[in-house]
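**Q** Here's my sequence, what's the structure:
(chains A, B and C)
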Amino acid sequence: MSAHDHVEGQLPHEPEKATLEARNKILGFWLFLGAEVVLFGTLFAAFLALRHNIGDGPSASELFQLPMVFAATMILLTSSLTSVFAVQAMHQHNKKSMLTWLIITIILGLGFLGLEIYEFTEYVHEGHGFTTSAFSSSFYTLVGFHGAHVAFGVLWIALVIGQVFKKGFNVVTAPKVYISAIYWHFIDVVWVFIFTVVYLMGKVAG
Amino acid sequence: MKRLLPLLTGLVLLLTACGREDLSALNPQGPVAEKQFELMKLSIGIMALVIVVVFIICIYVLIRFRRRKGDKTIPKQVEGNHTLEIIWTTIPLVLLLVLAVPTINNVFGLAKDYSKDKNAVHVKVTAHQYWWEFEYTDYGITTAQDLIVPTDKKIAFELVAADVKHSFWIPAIGGKMDTNPGSTNRMFLEFPKEGVFRGKCAELCGPSHALMDFKAKAVSPESFDRWVAAMKAPAQMPADPELAEKFTSQCLSCHAVGENGGNSAPNLTGVGGRETVGGILYNDEAGVEQNIHDWVIDPQKYKKGAMMPTAEDNSLTPEEVSGIAKYLAEYKLDY
Amino acid sequence: MAAHAHGHKVKRYSGLMDWLTTVDHKKIGILYLIAGLFFFLIGGLEAIIIRIQLIKPMNDVVSGSTFNELITMHGTTMIFLAAMPLLFALMNAIIPLQIGARDVAFPFLNSLGFWTFFLGGLLLNLSWFAGTVPDAGWTSYVPLAGPIYSSGHGVDFYVIGLQIAGIGTLLGGINFMATIINMRAPGLTFMRLPMFTWTIFITSALIVFAFPALTVGLVAIMFDRLFNANFFDVANGGNGVLWEHIFWVFGHPEVYILILPAFGVISEVISTFARKRLFGYSSMVFATVLIAFLGFMVWAHHMFTTGLGPVANGLFSIATMLIAVPTGIKIFNWLFTLWGGSIRFTTASMFAIGFVPTFVMGGVTGVMLASAPADYQYHDTYFVVAHFHYVIVGGLVLGIFAGLHYWWPKMFGRMLNETLGKLTFWTFFIGFHLTFFVQHFLGLLGMPRRVYTYLGGQGFDNMNLISTVGAILMGIGTIVFLLNIFITWAKPRNASNDPWEDGRSLEWTISSPAPEYNFKQTPLVRGYDAWWKEKMEGNTAMTPAEPVGSIHMPSPSILPLIMSIGLFVAGFGFMYDKLIVAGLGLAITLGCMAIRSLFDDHGFHIEPEDQDEGVQA
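**A** Residues are numbered from 1 along each chain as shown, chains lettered A, B, ... in the order given. Here you go, the predicted structure:
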């Protein structure tokens, strides 16, 4: 029952689900993501209600540069794929490969954050500040909440990587890898919606 | 539980016309409130039926199935009963259907838009902290606190708020509608009987929310026409030129009389003939001149959060206050 | 396995530190109870002042501004800081016992949930000392709650306090969902769950899906107020009606979050004291799920007068009326549980039986309010005040009183005094009906809600007087209840495992109070009403599902308290524009999260030889 009953090398195929504690964590985390869906859903609703109210500021179609956002999207989608590879490596009990993929994932995450910060600075220069209009406030809140989630994810996965290095790969660290990967997919999915609703609709539907 | 039955009987009795004629939703004075009252009576009837059934079963069960002292018998453990369960699912559905049909009917009936109707009187209501502005868009006149309406026409309201959210409600004439900042709501009311009806703000809007009353005065069509003409006539100013000058500089920067003055405070044209001062000081009690006098000296005393400064801050001497009170009290419109 | 084989020395605290660090769901339940009662008293005191101000026309006990502060804090405190924690107290004390579990799924988060709730609530109430109290109503409609019309820090206390407290509630919801899904004893299938566990399961789901909406709304107001955002500022393109939608998308499910657990308590209490199986168990479960589901699609019935147009008003009218059907099913199931039973009148059963007709009265006015055109008259009047007090006090609070009297021996090992209990019931019950029954008519006669005073001669005077007298009677009832607690506290523990003798579910199979590890051996559940079934077959104990063995327990931790203090500090930092303080507070919280992740909690074990001594609470 205790974590130490298992020694490395004797891990089950799905080490993240080996203990009741871990199964609880995974279930609890899915429930938490359910709450996150409502959180982002409400942020999207607020954005959709306010996105045409641009006041004196620039409109969405004047502002958004699709190529850059597209690049950010690709980076984040790729990072989701690399986190899948990490979990696959975990299932094969390949610690080294798992760590490599996790590190690539956070590098991609950092790349995305860098682009987002650059993007926001550009917007502010173009007169699209947080307080400019209802559109700008709801835009920065929605996209910024997502960005904060990405930043938190980067820190979290880094912490998990450190723990796997230090404590080894076992039934205690495996669920941490697995759950942080679920989280990473989730923020990726949210981004797909942001890309569609905020950027594509902003550009195309004005 | 037995105590409640007499209360229920009382409820039915109370419903047969109770409360003040000028205020109570249970004593409707116009077709809109009447339709709503019909719906209330229907729903109260259905619900009283439900309550009676539940109470009877409840009281019966409590008397019949109480445990005697030392009773150790184990009652039969019943899982359920499909027939009963179907009954108490179906009957409520039928009862709800009975209520739902007139509900939907009235939802659409009361939402009719008369804003383009040439036969209706169009009033734009602007709610302020803590007073009401009524603009008659057909006639280009504006008044405050006392809404004057003819008995023969539908009144099509446009409702907006100047600051925070308020809600426009004349219980005896019809249900309320919110005034939202930044968007316009529409509703209509009819006032077939002459009389003065009490109106209230029904949405928390600040410290003096409770005091944000107004009056709706329904008058005959001829009288209404005379009122419109009187409102359009040139304003009367104080006879004393010095007082007139003071009145113009200190009062008309916000208030207006006739065509003179600003619009950030209640329009004072014919204020002496209104029912109240400030919506809450009744002129049939202390007299209009006294009320205006008290109000001008210290509005905050009667309505906390009102924007109007005290007489002192407005640099009015006691004599000037008396003069203005006298002038305004005598400023009545003949209609 | 011997004790030393595990090798983890865990510091075990005593006294105050024990309570600050506990991760035991039973102790956390008691903490919720104490905090909930504390806030209940504050909210009650506010209610009494409100009623005294309204005892006669043009009274001037408090000013209009103070009155608005009182109503805002009364509503907010009662709903978020009294009703919800009292439910969480019952949930924590009972759910793991009812499902045959040794603990909840996340003991650490459970503690964190309590401390965030408590410090959030504390922050909100410190506004009284800061001298700027939230005053825009518990609904905080904008723009009144926005930066222009509420320029002090009052509403900041509301948005930040509720955000912090909301984290705690959300954690509790997730925790209990996971607990009920994953931690049930062998044989305890979903359709064998006690009704209280079912309602807590559904309530937890509602919490998980409703609270985040409120969080977003509060964040939006906070950004408007603190960082000049424009969500609700009409002049810059914002929209106040958006707040109403967000608030009620949360707010209506919140009503069911509150009432469903009361339904669960009533089901348990009525079934026990009628000595009869709950009538129509499966339809009760179905009705609960249906109420929760419909609860998410009726929010706009709070906004019939906002001007959403006839189509929306019509649809939301019909959807709202539909909720009456599953609720009616429940009412009749309770009545037919009593039918043919052998009803014993205890304080708990009197509160439960008193609940049924009272809640029906609140329910039928709910259907009346659902009819939109009639609601144009009821909305924002005392009719609505009467309605929601009938469902929340007449429903939820009577349910909580029933539950507390019923489970008190299981929580504390002592029976509450029945004479004082019945006195509590009669004073509170009669006081309640006196206070709120007349308010229906006040509303219909034209008295808007949230008015700090009213002019004489409008026909309001007598009924307001009656209402105030009733409120004082309710206050007396509450004081008697507190007296009962203190008096029985001084007496020795006297409760047996199954003190009501007719207990039906697993919590009555273990000692009162339960030992630290709840079940020495996880029980095997062989049917609905597991304990009753065993008793009827002549057994004196449950069949164990496992041999006696070493029991693993989570370690106590001070981190939840420190994390919550971090948020508390951050809250003040944001409010008073000290972003460094805010950052420091958040850093404390995040740092504790990292510590929790880095240092794994291996817990400790209670060995079989120590197990029978470990009874404490």
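
**Q** What strand or helix carries the closest residue to C:L338 other than its chain neighbours?
**A** Of all residues not flanking C:L338 in the chain, B:V61 sits nearest, at 4.5 Å (Cβ to Cβ, 6 or more residues apart in numbering or on different chains). Quick note: C-beta positions are derived from backbone N, CA and C, even for glycine. Secondary-structure assignment from DSSP states H and E places B:V61 in helix B:31-64.

**Q** Mind listing what's buried along that helix?
**A** Going by neighbour count (16 or more other Cβ atoms under 10 Å in any protein chain shown), the buried part of helix B:31-64 is B:31-33, B:35-37, B:39-40, B:42-44, B:46-47, B:50-51, B:53-55, B:57-58, B:61.

**Q** ok, then the element right after that helix?
**A** helix B:82-109.

**Q** Just list what that next one packs against, helices and strands only.
**A** If you count contacts as 3 or more Cβ pairs under 8 Å, 6 or more residues apart in numbering or on different chains; DSSP states H and E, helix B:82-109 packs onto helix B:31-64, helix C:310-322, helix C:324-338, helix C:347-370, helix C:372-378.

**Q** Distance from the chain centre to it, please.
**A** Using Cα atoms, centre = their mean, to the nearest Å, the distance from the centre of helix B:82-109 to the centre of the chain it belongs to is 31 Å.

**Q** Would you mark the buried spots in it?
**A** Residues B:85, B:88-89, B:91-93, B:95-96, B:99-100, B:102-104, B:106-107 are the ones in helix B:82-109 that count as buried (16+ other Cβ under 10 Å).

**Q** Identify, from the residues you listed, the entry nearest to B:D146.
**A** Comparing these against B:D146 with Cβ to Cβ places B:N106 closest, at 29.1 Å.

**Q** Roughly how far does the closest one sit from A:H146?
**A** Noted for B:N106: a distance of 45 Å to A:H146, by Cβ to Cβ, to the nearest Å.

**Q** And for A:W184?
**A** Looking at A:W184 against A:H146, where the rule is Cβ to Cβ, the gap reads 13 Å.

**Q** more neighbours, these two?
**A** Between A:W184 and A:H146, A:W184 has the larger neighbour count (other Cβ atoms under 10 Å in any protein chain shown), namely 29 against 20.

**Q** wait, is the more buried one part of a helix?
**A** Yes: secondary structure of A:W184 (DSSP: H, G, I helix; E, B strand; the rest coil): part of a helix.

**Q** got a list of what it touches?
**A** For A:W184, the contacting residues are A:S79, A:S80, A:S83, A:T105, A:G109, A:G153, A:I157, by Cβ atoms under 8 Å, 6 or more residues apart in numbering or on different chains.

**Q** Kindly tell me how buried the residue of chain A found nearest chain B is, as a neighbour count.
**A** Relative to chain B, the nearest point of chain A is A:N53 (9.9 Å; Cβ to the nearest Cβ). The number of residues packed near A:N53 is 20, by other Cβ under 10 Å.

**Q** Repeat that for B:D138.
**A** The number of residues near B:D138, taken as other Cβ under 10 Å, comes to 12.

**Q** which one's the longest helix in chain A?
**A** helix A:134-167 (DSSP state H).

**Q** can you list contacts of the helix or strand that B:V123 is a member of?
**A** Under the assignment given by DSSP H and E, the secondary-structure element containing B:V123 is strand B:121-128. Contact with strand B:121-128 is made by B:115, B:132-138, B:147, B:149-150, B:153-163, B:166, B:168, B:179, B:201, B:205, B:212, as judged by Cβ under 8 Å, 6+ apart.
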